Structure formats: structure tokens, C-alpha cells
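Undergrad: Quick one, structure for this:
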Amino acid sequence: MDGLDKVVGSAAEAVADVGDGASLAVGGFGLSGNPMALIEALLAQGAGNLSVVSNNCGVDDWGLGLLLGAGRLAKMTASYVGENKEFERQFLAGELEVELTPQGTLAEKLRAGGSGIAAFFTPTGVGTQVAEGGLPRRYDGAGGVAVASPVKEVRTFAVAGAERQFVLEESITTDFALVHAVKGDRHGNLVFNKAARNFSPLAAMAGRVCIAQVEELVEPGELDPDEVHLPGIFVHRVVEVGPAIEKRIEKRTVREGSN
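TA: Predicted coordinates for the structure are as follows:
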């Protein structure tokens, strides 16, 4: 048997050791690339008090919204949370801690964490509460702020011949990562499809244990190296889910026909 074979038999087996209080980085963008088989397996598995890092928290009945609705999330770090009414309710009620992060900064925090970089300076957020602190992270349920974001270090650097201010952002690593890929091989090399690629390689890099669900499983050597978006060194478990899985569209928009 190939010692590099990372394939496991089921999504349930793949997430069996995700325990209460674990942190997870989850790939996807909107509803594109949501690792639904893994999310549903985690829902059935029962782990709670989870800290999740993802671009968004899905919608009320799809994506990470399933774990949220079941009361499994303790903290959500995201850049966009506007499509989930239950998310709003839990946040304002003081049931959920939320760390809102600029989208590009969130992507870089994941990439840096996966690259072994502890922190970095970015101009994004300078002069706002992102740097100055005070953004609500948890409410007390009565309209007051129980936990607010901290003040971050700001330094001046000369860049391109001009001095600018930059804010220090710490990188992100998590216990696990969950991602969806359109294709992968037994060694964990992955190919993502269009918008489903957004955040997925970065989330995968940040997880100390990366679990990937793939629509099509191929043998090592069948993927052209130039089409690999994430090398298998970052991936620890692969489960095949097939191409017939449900894929939702967040908002279907069509152009009105001309008369």
C-alpha cells in the first residue's frame, strides 16, 4: 500500500477526532466551495464550542450556518456575515463571539499562518477601529459590549519612497481545516474550481490537520503539476464525495431580456 495514500473511507471518519473546543479554518466563498459533506459529518459527530475561521458563515440552512444553527459555534472570525439572520441573533444576544476582519487581511492571516509567519504589517485598517480597537466582539445580551477588539500596534515604514502607517496583524493557524476541491489525488494534491478556490488553499494551509473532500479522486501522477492549486504537503486526509453533491447558488441573477 502507498504510504502517502491519504484517502479515508467516509466524511464521518475524516472528522471523527475533531473535539469540543477545536479551531477550524473552512474554505469557500459565499456558498461556493462549501465542504458540505464534512460540515454535515461534523454536525452529526457532535463537536461543539468550535472556533471557526472562514470568509463567511453560510446562510441559515446551508454551509457553516448548519453548525451555527445547532449552537456549535463559540467564535466566528470572518470578513462577511450579512446573509445569516441566526448569526445576527446570536451575536446581538451575546451567544457568539465575532471577529470581523478585512477580507484581504483575513486571506493573508491564513496564508501567513500556513507559511510559518507569525505576523505582518498591512496598511488596511489604519485609522479605523480595526487598528484603534473598540469593535464589538461579544455583546452582553442587553445592548452593551462585553468584549471589544484590542488596540493594535501601528508603525511607520518608508514604502516606494513615501512614509506610510501600517498595522500589525497576527497570523492564523487552526487545529483543523475543511475544504472542498473539484479534483484531488491520493497524495492530497488538489484542484479547485473557479470561485470555490477563494480562501480554500489558504484555509487548507492554516490547518494543522487539513481534511479535503473531493468530487473526483484520481491516482498519483494523473494531475498535471501545472494544474495543482494546492500541493499535498498541506493535506492530511482526503475523502471522495462524487460530482453529484448538491451545490447551491446564494443569489441567482439573470439579465432581463430586451423587448
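Undergrad: what separates stretch 208-218 from the chain centre, distance-wise?
TA: Centre-to-centre, stretch 208-218 and its host chain are 15 Å apart (C-alpha atoms, centre = their mean, to the nearest Å).
Undergrad: For it, which outside residues touch it?
TA: 7, 11, 14-15, 35-38, 173-186, 188, 190, 204, 234-243, 245 (C-beta atoms under 8 Å, 6 or more residues apart in numbering). Placement of C-beta: from N, CA and C, glycine included.
Undergrad: Out of the residues you listed, which end up buried?
TA: Among the contacts of stretch 208-218, those classed as buried by 16 or more other C-beta atoms under 10 Å are 7, 11, 14-15, 35-38, 173-186, 188, 190, 204, 234-241.
Undergrad: returning to that earlier point: of the contacts of stretch 208-218, which belong to helices?
TA: Using DSSP state H, the members of the contacts of stretch 208-218 that fall in helices are A11, A14, M36, A37, L38, A204.
Undergrad: List the buried residues for the helix or strand hosting A131?
TA: Per DSSP states H and E: A131 is located in helix 129-132. For helix 129-132, a neighbour-count test (16+ other C-beta under 10 Å) marks V130, A131, E132 as buried.
Undergrad: With pLDDT and distance to A119 added, can I get those in TSV?
TA: Formatted as TSV, the buried residues of helix 129-132 follow (pLDDT from 0 to 100; distance: C-beta to C-beta, whole Å):
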residue	pLDDT	distance to A119
V130	96	15
A131	97	14
E132	97	18
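Undergrad: Of these, just say which sits nearest to V81.
TA: Nearest to V81 among the buried residues of helix 129-132 is V130, at 15.5 Å by C-beta to C-beta.
Undergrad: thinking the closest one is in contact with V167, fair?
TA: Yes - when contacts are counted by C-beta atoms under 8 Å, V130 is listed as touching V167 (6.8 Å).
Undergrad: anything in contact with each of those two?
TA: Residues within reach of V130 and of V167 at once, by C-beta under 8 Å, 6+ apart, are T124, K152.
Undergrad: Looking at I211 now. What's its pLDDT?
TA: At I211, the predicted lDDT confidence score is 98.
Undergrad: Secondary structure of it: a strand, I assume?
TA: Yes - according to DSSP: H, G, I helix; E, B strand; the rest coil, the state of I211 is that of a strand.
Undergrad: now, which of the buried ones among the contacts of stretch 208-218 lie within strands?
TA: Secondary structure from DSSP state E places 174-185, 190, 237-240 of the buried ones among the contacts of stretch 208-218 in strands.
Undergrad: now the helix or strand harbouring E169: mean pLDDT?
TA: Taking DSSP H and E as the criterion, E169 maps to strand 162-170. Mean pLDDT, strand 162-170: 97.
Undergrad: Determine the set of other helices and strands touching that strand.
TA: helix 103-114, strand 119-122, strand 154-159 (3 or more C-beta pairs under 8 Å, 6 or more residues apart in numbering; DSSP states H and E).
Undergrad: Can you list the neighbours in contact with it?
TA: 105, 108-109, 118-127, 130-131, 152-158.
Undergrad: which residues touch the closest residue to S200 other than its chain neighbours?
TA: Spatial nearest neighbour of S200, excluding adjacent residues (C-beta to C-beta, 6 or more residues apart in numbering): G27 at 3.2 Å. Going by C-beta under 8 Å, 6+ apart, G27 touches 33, 35, 54, 177-180, 196, 199-204.
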